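**Student:** got a structure for you, letters missing:
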C-alpha cells in the first residue's frame, strides 16, 4: 500500500466533497439562465461562493471562481497590471519575490516580454522569507503591484503578508497574495490582511482539480483575462456550479477546526523532522524551522540527487516530491533553493515531504524507517549522470 | 525509452521475459522542443509523452532521467571538438559509449537495477563458459551492432537487446500495432538528434566558425581557396571551386582536411584508397582476440572483417595489435599498443575519427577509433 506524503502537490478528495460534488453533478441548469432551473443552479453557485468567501474572510462579491490556482494568479498579476496602466499614469514596475511559484514567475516574465512590465525581484533570506526592508525601499508610486506567497510552496516558510500589505497601502499599491499552499493550513483573513487580491485552489484542500478562485477586494480593479458573457465580475465563461459546490464543501471542512488540524499536523511534522535528523544526521532542514506550514518538511540530502531519492522511495511505497518544477518530468534544481543561496549540487538533493488531513503517525514512522536505505543507495548513485564512472573515461 | 517504436517493443518483451522493468526516458536537452519534427525521433516533449504512453500500456513505471549535462559534455562538445580537429566522429556511438551504457547504466546499477535493455538491433550470445559476445542482429538491414562496437565486456554484462532475434523491422512495427502502441507507425529517426534542422555542416559552421583557407594538391602546391575547411568531407568531389583542370583531366576529390592550418588537400580518386587504418584507442566487446582463440601469441595477425560506417559493407581484412613503442628520446612520439587493420582490398573515403569495428563472422570483436591511415597510392615525389 503506497503511503501518500505529497499533499502539497494535491490532496485526496474528502468524502464529504465527493458526496456534495456527486449530488450537484446531475443538477441541470445554467446559473445564468433566467428560468427556475437556472435560478436553482445559481443558488447552489452563490451559496458556494458565500462559503468560500467565509473561509478566507472575504465578502462573496469579492470571490471570482476560476479554473484553478494558476488562472487565478494570472488574472491577478495581468489584471492588476493592466488596470493600473489603463489610465494616463504609467506604472510599469512589478515587485515580485524570487522564490514564487512558477505560475507567478512565468506570468511576470511574459508581462515583461509582452506588456512592458519592469520586474523588480524581491530577495529572500536563507529561510526563503522575503526581504521586507527591500520592499520598503523599492515601493514608490510607479509600482503597478506587489505579488508574494502566503507560504512558500516548496520550503513552507510563512511570509510577512500583513507587513508588506501595510507598506504597499501607504503608496496605494495593490498586493496580490498566492495563498494556494496556505489555505486550510494557516488561518487566512482577506480583509484583515489588507491585500488587493488572493489566489486559492480547491484541490490543495481536498477538493477537485480544475476549480479555484481569485478573491478581489471591492476597492481593487482587475482587467479580465477571458472575455465573453461577463458571468462573473472579472471572468467570463459558464459558471461551474458543481465545481463551486465541491470547492465550498472542501473549504468548509478545511477551515473548520483548523487550529486543531494545524496543531496535529505540526506535531506530526516535528516528529518527522526529528526522525529524519536521527535517521540521517547530515540531512539539512530547509525553510524556517518554526514559522512554516504545518504539513511541510523539506530537506536537502548531501551527495544525493533528489530524483534518485524520489525514485527509490517510490519503489519502497512512498509518494514524495523533489518540490521543484518539472519540465517533461525532469526535475530542475529548485529556483527557490537557489534564491535562498544554495548552490546547484546542494539544491539538487532536495526532497519535500508534505503531510495532510489523511496522514497518520504510523505513516510518518514507516517513512522515517525506510529513509536511511534510500539515502544510502541514492548516495551510491551519486551524481552519476554528471561524472564518468563506468566505461572509458 | 526514446518514444520510438523499438524501445517500446523492447520494454514490452523484457516484461514478458519475466524481468522487473522500469521505463526510463533520457532527457538529453535542457531546452527540449515541444513537437517532433522530421526524422529526429527523440528529445522533444512529444517523444517523452509517447514513451510514457507506451510505458502506461505495458504497465510499467516510467521516469525521466536528466543526462543533459553529460550529453552536452560527452557527445555534443566532443562532436564539435572532433570536427574542429579534422576528424569525423559518430555521435550515436559516443552516446552509447558514454551515456546509455555508462552514465545511465552506472546510475541504474547504483539504484538497484541489473541491466539496461534498449531497442538496439543486436544480439548478445553467451558461449559455453558464460562469456558474453556481441553479434549482429537477425535483421541485417537494421543491424546496429556497429554503433554498439564500443561496448566493453563489463558493459555487455549489464546490457540486453530484446529485438536482436527479430528478422525485420516490419515485424517490430506489427507487434507494436498489436500491442496498441500509438508509436507503431512513427517514422524511424535518421539524423543527429541534437542538430535541429539536420544540416550538420551549417550547424558546425555556426558553432566553430568558418575562415577562408588554401586548397592544396598532394605535393603541397596551392590550387585555390576555400571558405572553411570543416565544410568538406573526405571523398567529396563537388564544390571544390578549383579554377583549372588537372593535367590528365580527371576530377579531384578531398583527400585530407588539416584543421590546424585550415587547409584542404585534394587529389585523384585513387588516392582515396587506404591500404591500412590504425588507432591506439581500441576496445574488445567481450573476450580479446587471444582469449577468443584467434591468435596464440600477442602481436599475431588474424582474419576478420572491418566495417567503417554504420551501414557500410564489412570488408575482409587482417588485424593485429602492434606493441607499444617507446619513441625517440629526441622526438618523444611514444604510443600505446596500436590496433592495425589491413583490408584485403583498399578502403575508400575513410576519415580519421571514424570507428573501425572488427567482426569475426557475425560477432563484434571490438573496435578502434581510426587515428592513422596509410594511402594505397603514395604521392608522386
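**Tutor:** That came through fine. In this text, all values refer to a predicted model and were calculated from it rather than measured experimentally. Numbers count the residues shown, from 1 in each chain, chains lettered A, B, ... in the order given.
**Student:** Whichever residue of the stretch 201-350 of chain B sits closest to chain A: what secondary structure?
**Tutor:** Proximity of the stretch 201-350 of chain B to chain A (Cβ to the nearest Cβ) peaks at residue B:283, 7.0 Å away. Any C-beta I mention is one placed from the backbone N, CA and C, and that applies to glycine too. Per DSSP: H, G, I helix; E, B strand; the rest coil, the secondary structure class of residue B:283 is strand.
**Student:** and it, bridged to which residues?
**Tutor:** Taking DSSP bridges, one obtains residue B:367 as the residues bridged to residue B:283.
**Student:** what sits against it?
**Tutor:** Contact analysis of residue B:283 by Cβ atoms under 8 Å, 6 or more residues apart in numbering or on different chains lists A:392, B:150, B:152, B:366, B:367, B:368.
**Student:** again, only this time at 10 Å
**Tutor:** Contact analysis of residue B:283 by Cβ atoms under 10 Å, 6 or more residues apart in numbering or on different chains lists A:391-392, B:97, B:149-153, B:155, B:339, B:366-369.
**Student:** So which of these belong to helices?
**Tutor:** When DSSP state H defines the helices, the subset of the contacts of residue B:283 inside them is B:153, B:155.
**Student:** By pLDDT, give me the weakest of the contacts of residue B:283.
**Tutor:** Checking pLDDT across those, the minimum falls on residue A:392 at 36.
**Student:** which helices and strands sit right next to the longest strand seen in chain A?
**Tutor:** Longest strand in chain A, counting residues (DSSP state E): strand A:143-149. The elements that strand A:143-149 packs onto, with contact taken as 3 or more Cβ pairs under 10 Å, 6 or more residues apart in numbering or on different chains; DSSP states H and E, are helix A:69-84, strand A:93-97, helix A:102-115, strand A:118-122, helix A:132-138, helix A:161-170, strand A:175-178, strand A:197-201.
**Student:** Swap in 6 Å and give it another go.
**Tutor:** helix A:69-84, strand A:93-97, strand A:175-178 (3 or more Cβ pairs under 6 Å, 6 or more residues apart in numbering or on different chains; DSSP states H and E).
**Student:** contact partners of the lowest-mean-pLDDT helix or strand in chain B?
**Tutor:** Every helix and strand of chain B was ranked by mean pLDDT, DSSP states H and E. The lowest is helix B:200-208, at a mean of 84. Helix B:200-208 is touched from outside by B:80, B:83, B:84, B:195, B:230, B:231, with contacts defined as Cβ atoms under 6 Å, 6 or more residues apart in numbering or on different chains.
**Student:** Put together CSV for the helices and strands packed on strand A:143-149, with mean neighbour count and mean pLDDT on each row.
**Tutor:** Output for the helices and strands packed on strand A:143-149, formatted as CSV (neighbours: other Cβ atoms under 10 Å in any protein chain shown; pLDDT from 0 to 100):
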stretch, mean neighbour count, mean pLDDT
helix A:69-84, 25, 98
strand A:93-97, 24, 97
strand A:175-178, 29, 98
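**Student:** that older thread, tilt between the longest strand of chain A and strand A:93-97?
**Tutor:** Strand A:143-149 and strand A:93-97 are oriented at 10 degrees to each other (axes from the mean of the first three to the mean of the last three Cα atoms, to 10 degrees).
**Student:** hmm, back to that, out of the helices and strands packed on strand A:143-149, the one nearest chain B is which?
**Tutor:** helix A:69-84 (18.4 Å).
**Student:** Does residue A:21 belong to a helix, a strand or coil?
**Tutor:** Taking three-state DSSP, the label given to residue A:21 is helix.
**Student:** OK, contacts around it?
**Tutor:** Taking Cβ under 6 Å, 6+ apart, we find residue A:21 in contact with A:242, A:246.
**Student:** For it, give its distance to chain B.
**Tutor:** Computed with Cβ to the nearest Cβ, to the nearest Å, the distance linking residue A:21 and chain B is 26 Å.
**Student:** would you list every one of the helices in chain A?
**Tutor:** According to DSSP H, the helices that chain A contains are A:15-24, A:36-55, A:69-84, A:102-115, A:132-138, A:161-170, A:190-193, A:241-255, A:258-279, A:306-315, A:335-339, A:344-347, A:361-381.
**Student:** List, one by one, the residues from chain B near chain A.
**Tutor:** Proximity of chain B to chain A, by Cβ under 6 Å from any Cβ of the partner chain, involves residues B:27, B:45, B:48, B:63-64, B:66-67, B:69-70, B:97, B:102-103, B:105-107, B:110-111.
**Student:** Which of those fall within helices?
**Tutor:** In this view, these that belong to helices under DSSP H are B:45, B:48, B:69, B:70, B:105, B:106, B:107, B:110.
**Student:** so the fifth one touches residue B:157, yeah?
**Tutor:** So that's residue B:105. No. Counting by Cβ atoms under 6 Å, residue B:105 does not reach residue B:157; the two are 10.0 Å apart.
**Student:** Looking at those two, which is more packed in?
**Tutor:** A direct count of neighbours by other Cβ atoms under 10 Å in any protein chain shown for residue B:105 and residue B:157 places residue B:105 higher, at 24 against 15.
**Student:** By average pLDDT, which secondary structure element in chain A comes out worst?
**Tutor:** Every helix and strand in chain A was compared by mean pLDDT, DSSP H and E; the lowest is strand A:326-327, with a mean of 59.
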